[in-house]
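S.K.: Quick one: sequence plus predicted model below, questions after.
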Amino acid sequence: MADASTLQSVEAGLAALLEHVDPVPAETLACDAAMNRVLADDVPAVLDVPPFANSAMDGYALRRADAGRILPVSQRITAGVSPEELAADSCARIFTGGQLPEGADAVVMQEKVESTAQGIRFPDSIDLHNNVRPRGSDVEAGSRLLKAGMRLDAAALGHLAGQGITRIAVRQRPRIALLSTGNEIVEPGQPLRAGQIYNSNRPMLRELLESFGADVTQLTSVPDDAEGTRRHLRKAAEHADVVITTGGVSVGEEDHVKAAVESLGQLDVWRLALKPGKPLALGRLPDSRGGTAVFVGLPGNPVSSFVGAWLFLRPLMGAMLDCPHLRELPRIRAKADFATRTGPRRHYMRVSLTFEAGGIRAQAYPDQNSGVLSSCVGADALAVIPPDASIENGDVIDCLWLSAN
Ligand SMILES: Nc1nc2c(c(=O)[nH]1)N[C@H]1C(S)=C(S)[C@@H](COP(=O)(O)OP(=O)(O)OC[C@H]3O[C@@H](n4cnc5c(N)ncnc54)[C@H](O)[C@@H]3O)O[C@H]1N2
Ligand code: MOO
């Protein structure tokens, strides 16, 4: 039996997984279809934003040197029109977004002026560029608008539109084959016979993977037999960048995944010093064209699959998409609202976080066994509890923040 000293660390397992991974190629998409996609290249700004100096308020544009005077209104500037140069000894009625006329260098909001029979009376003191949004104050043409490796969010799509950009180069989504092993596993919608359970890993992992930027293109059920396991793995590697299995990686005679990977390709890592998820397996599977698919064998227990997905599949997608944000989970410190002792493996406890005036507190679901998926529902973080540790209520613990984005 493997004792903890012979198990590899999570860090070593992850390093081995990422060692042979290259970023996937880019594709060009309509911006409308690019939400959450990862930018393949830096995007340079082609325009100044705003493209012309304009007013931040509804009010009056003037020469600041005319502060304290009463000035007649010589023109009316609505948003979208090109104004004339501001005539001497006059002001211009201007609306928010209206282009500042040549000659004007300040805008006073309408609430701060007085309308008289002779014209508009301005306050005595007006700051230079008061309420003026200078050309290029948001974005300067030629600067970097967005950085390669960022995941496009709503604001970034707005920023692209502000440049008139309609198409953008993003990373293709890594193609994933998700294989569920286990004779006992049936799909929701099918009748459940004695000894069977529904497949909870499949929808959970599919959603997690898609949220990490992947495209889950194959969903396959694999029976517990050696030849069937090999056949399905071989087929999955033909069409996928990553082949993921659940179950069948432990030590029982019905666990065929590890042997199948060893015979078809290469098993780089098996068994890690983490709880849950010890029998996790990592390797590579060849395809018939001389390429290789990455292999990740997650343990069947749903909690082990959940934790394995966050610790290994998310950084894997980060490497394939060349996206630093996905490569590392943010860490947050919290006070434990529980007490626990760990054995020889590092424990990743599922916790929910509350943000209080006194600090952040972490509550753990009372049953942290690897078959108890209730412990993952609504979990905000994985509390990282070192091996052979004793945690008391109120101790500060390190957490990987799952709901940070
Ligand atoms: N003698 C030993 N037995 C076990 C060891 C060990 O070291 N020695 N390790 C245990 C640990 S830790 C884990 S984790 C599990 C992992 O085993 P497998 O990856 O081979 O998973 P299975 O045996 O196929 O399944 C485990 C458990 O999970 C249920 N399961 C599987 N797939 C799904 C699914 N898609 N949806 C819902 N539930 C699923 C399955 O029915 C089992 O109950 O091995 C321990 N045993
Ligand atoms: O390491 Mo296995 O995932 O619980 O209990």
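M.R.: That came through fine. Ligands and ions are numbered 1, 2, ... in the order given.

S.K.: Is the lengthiest helix in the chain positioned near ligand 1?
M.R.: Looking across the chain with DSSP state H, the single longest helix is helix 226-239. No - Helix 226-239 stays clear of ligand 1 (CB under 6 Å from any ligand atom), getting no nearer than 11.5 Å. From N, CA and C alone the C-beta is placed, and that goes for glycine too.

S.K.: Select the longest strand from this protein.
M.R.: Determined from DSSP state E, the single longest strand within the chain is strand 346-356.

S.K.: That one packs against which elements?
M.R.: strand 274-275, helix 302-308, strand 331-336, strand 359-364, strand 381-385, strand 396-401 (3 or more CB pairs under 8 Å, 6 or more residues apart in numbering; DSSP states H and E).

S.K.: hmm, who's touching the longest helix of the chain?
M.R.: If you take CB atoms under 8 Å, 6 or more residues apart in numbering as the criterion, helix 226-239 is touched by 175, 177, 179, 181, 217-218, 220, 222-223, 243, 245, 248, 256-257, 259-261, 263-265, 285-288, 292-293, 295.

S.K.: okay, now the nearest residue to Val257 once chain neighbours are set aside: neighbour count?
M.R.: Once flanking residues are discounted, Val257 sits nearest to Gly248: 4.1 Å by CB to CB, 6 or more residues apart in numbering. Residues near Gly248, counting by other CB atoms under 10 Å, number 26.

S.K.: oh, and call the first residue 8 from now on, that's how I've got it
M.R.: Noted, 8 is the first residue going forward, which turns the last one into Gly255.

S.K.: Gly255 reaches Asn190, doesn't it?
M.R.: No - Gly255 lies out of contact with Asn190 (CB atoms under 8 Å); the separation is 10.1 Å.

S.K.: looking at the helices and strands packed on strand 353-363, which is closest to ligand 2?
M.R.: helix 309-315 (3.1 Å; CB to the nearest ligand atom).

S.K.: For Ala52, which non-adjacent residue is closest in space?
M.R.: Leu152 (4.2 Å).

S.K.: So what's the residue count around the one you found?
M.R.: 21.

S.K.: Where do the helices of the stretch 58-207 of the chain begin and end?
M.R.: Using DSSP state H, counting those that start in this stretch, the helices of the stretch 58-207 of the chain run over residues 161-169.

S.K.: Spell out the residue ranges of the strands in it.
M.R.: 61-62, 66-69, 77-78, 80-84, 98-101, 113-116, 121-123, 126-128, 139-140, 151-153, 174-178, 182-188, 192-193, 204-205 (DSSP state E, counting those that start in this stretch).

S.K.: re the thing from before, would you mind finding the most buried of the helices and strands packed on strand 353-363?
M.R.: Neighbour counts (mean count of other CB atoms under 10 Å) averaged over each of the helices and strands packed on strand 353-363 peak at helix 309-315, with a mean of 26.

S.K.: circling back to that earlier point, buried subset of the contacts of helix 233-246?
M.R.: Buried subset of the contacts of helix 233-246 (neighbour count, 16 or more other CB atoms under 10 Å): 182, 184, 186, 188, 225, 227, 229, 250, 252, 255, 263-264, 267-268, 271-272, 292, 294, 299-300, 302.

S.K.: Point out the residues in this protein that sit beside ligand 2.
M.R.: Neighbours of ligand 2 within the chain, by CB under 6 Å from any ligand atom: 282-285, 306, 308, 311, 377.

S.K.: overlap between the residues you listed and the residues near ligand 1?
M.R.: Residues shared between these and the neighbourhood of ligand 1 are 283, 285, 306, 308, 311, 377 [CB under 6 Å from any ligand atom].

S.K.: Could you count how many residues lie near the first one?
M.R.: So that's Pro283. So Pro283, with other CB under 10 Å, has 26 neighbours.

S.K.: That one and Ile398, how far apart?
M.R.: For Pro283, the distance to Ile398 equals 17 Å [CB to CB, to the nearest Å].

S.K.: what's the answer for the last one, then?
M.R.: With the distance defined as CB to CB, Ser377 ends up 19 Å from Ile398.

S.K.: for the second one, same thing?
M.R.: Counting by CB to CB, the separation of Lys285 from Ile398 is 20 Å.

S.K.: same check, this time on the fifth one
M.R.: Taken as CB to CB, the spacing of Ser311 relative to Ile398 amounts to 21 Å.

S.K.: I'd like to check which residues are in contact with the closest residue to Leu78 other than its chain neighbours.
M.R.: Closest residue in space to Leu78, ignoring its immediate chain neighbours: Cys98 at 4.2 Å, by CB to CB, 6+ apart. Applying CB under 8 Å, 6+ apart to Cys98 gives the contacts 67-69, 73, 78-81, 111, 126-127, 129.

S.K.: Let me know how buried Val115 is, in neighbour terms.
M.R.: 23.

S.K.: should've said Lys285
M.R.: 19.

S.K.: who in the stretch 158-307 of the chain is up against ligand 1?
M.R.: 187, 189, 191-192, 204, 206-209, 253-258, 262, 283, 285-286, 306-307.

S.K.: Show me how to select, in ChimeraX, the buried members of these.
M.R.: In ChimeraX, this line selects whichever of those come out buried by 16+ other CB under 10 Å:
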select :187,189,192,206,207,208,209,253,254,255,256,257,262,283,285,286,306,307
